[in-house]
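**Q** let's see this in three dimensions:
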Amino acid sequence: SGLDKLGRALRITSNGNGDARVNIELEHGSETHLRTLQKALHDGKRVHLEYLSASRGSLSERTVDPWGLIAALGHWYLVAFDHSSEEERMFRLDRVKAATIVAEDADVPDDFDPKRYRGAFTARDEEPNVSFEISPEVSRWFEDYYPVVRSATTDDGWRKVELVASSERWAAILVLRLGAGVRAIEPPGVADQARSMATSIAARHA
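**A** So this is what the prediction gives:
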């Protein structure tokens, strides 16, 4: 039934024998980029990236200190400190267009724990520590991508979601990305951090 719905959405019709086919492939990104980042992590070196931002639809160049590689939701992610934003970020490898190791040593926190980041995707057996309401537009895709533990539809058609976040900072970055598609954020510290990040970004580009 899922394939039937997908076929209708893509306007794929049967060949007359009731046999309509849809080929689905997961994008794993460049194997070369993956090997480059693995070597950079092994050698403790910085990396220069060309990265396609899905939210802005633009290609940017960044120098990052790679901290670790995580496989989640069918994709590879690089956890790294981004020197452009001066923040830790997660980069999806299939959006990396070029990766080059540079001579400088990478600075990796002594307490870096990849499990903390992987938990943001998979820790569904824990009690939720963040909740907010998302718009009908956001709710069409949100629960397929993020670790929602409980959800319910509100009277006005928005959807309240409760999820496990690895940290308030991670949740604040998510809230910032959702923009006008999120409201009623708990705990208040998440909204405060998101506002602080937005103010910093606005000041940087003023």
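**Q** contacts for the strand or helix carrying D65, please.
**A** Using DSSP states H and E, the secondary-structure element containing D65 is strand 58-72. Outside of strand 58-72, the residues within contact range by C-beta atoms under 8 Å, 6 or more residues apart in numbering are 34, 37-38, 40-41, 46-53, 76-84, 88-91, 97, 102, 106-109, 112, 114, 117-118, 121-122. No exception for glycine: its C-beta is placed from N, CA and C like everyone else's.
**Q** pLDDT of it, averaged?
**A** Strand 58-72 shows a mean pLDDT of 89 in the predicted model.
**Q** before we move on, what about stretch 164-177?
**A** 86.
**Q** next one: that stretch to chain centre, how far?
**A** Here stretch 164-177 shows a centroid-to-chain-centroid distance of 10 Å under the convention C-alpha atoms, centre = their mean, to the nearest Å.
**Q** so, low pLDDT: which residues of the protein?
**A** Residue ranges of the chain with pLDDT under 70: 1, 5, 8-9, 11-29, 54-57, 73-74, 116-127, 144-145.
**Q** V138 falls within a helix, correct?
**A** Yes: according to DSSP: H, G, I helix; E, B strand; the rest coil, V138 belongs to a helix.
**Q** give the bridge partners for the most centrally placed residue in the chain, please.
**A** Centroid-nearest residue in the chain: M90, 6.6 Å away (criterion: C-alpha atoms, centre = their mean). As for beta bridges, M90 partners with V79 under DSSP bridges.
**Q** pretty sure it contacts D82?
**A** No: in this structure M90 lies outside contact range of D82 using C-beta atoms under 8 Å: 9.8 Å.
**Q** how many neighbours does E168 have?
**A** Around E168 there are 17 other residues, counting by other C-beta atoms under 10 Å.
**Q** may I have the phi/psi pair for it?
**A** The phi/psi pair for E168 (degrees, to the nearest 10) reads phi -60, psi -30.
**Q** now T199
**A** Torsion angles, degrees, to the nearest 10, at T199: phi -60, psi -40.
**Q** could you check how many residues crowd around it?
**A** Residues contacting T199 under the criterion other C-beta under 10 Å number 10.
**Q** could you do A80 as well?
**A** Using other C-beta under 10 Å, A80 is surrounded by 26 other residues.
**Q** now G68
**A** Using other C-beta under 10 Å, G68 has 17 neighbouring residues.
**Q** could we number from 18 for the rest of this?
**A** I'll keep to 18 as the first residue from here, and by that count the last item is G85.
**Q** for the chain, which segments count as helices?
**A** All helices of the chain, identified by DSSP state H, fall at 19-26, 48-60, 131-139, 153-156, 159-162, 185-195, 205-221.
**Q** quick revisit: in the strand holding D82, what counts as buried?
**A** Using 16 or more other C-beta atoms under 10 Å as the test for burial, strand 75-89 gives R79, T80, V81, D82, P83, W84, G85, L86, I87, A89.
**Q** try stretch 54-67
**A** With burial defined by 16+ other C-beta under 10 Å, the residues of stretch 54-67 counted as buried are L54, A57, L58, K62, R63, V64, L66.
**Q** same deal with stretch 154-165?
**A** Within stretch 154-165, the residues that count as buried by 16+ other C-beta under 10 Å are V155, S156, F159, Y163, P164, V165.
**Q** can you put those in a markdown table and add distance to G24?
**A** Shown next, in a markdown table, are these (distance: C-beta to C-beta, whole Å):
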| residue | distance to G24 |
| --- | --- |
| V155 | 25 |
| S156 | 23 |
| F159 | 24 |
| Y163 | 27 |
| P164 | 29 |
| V165 | 27 |
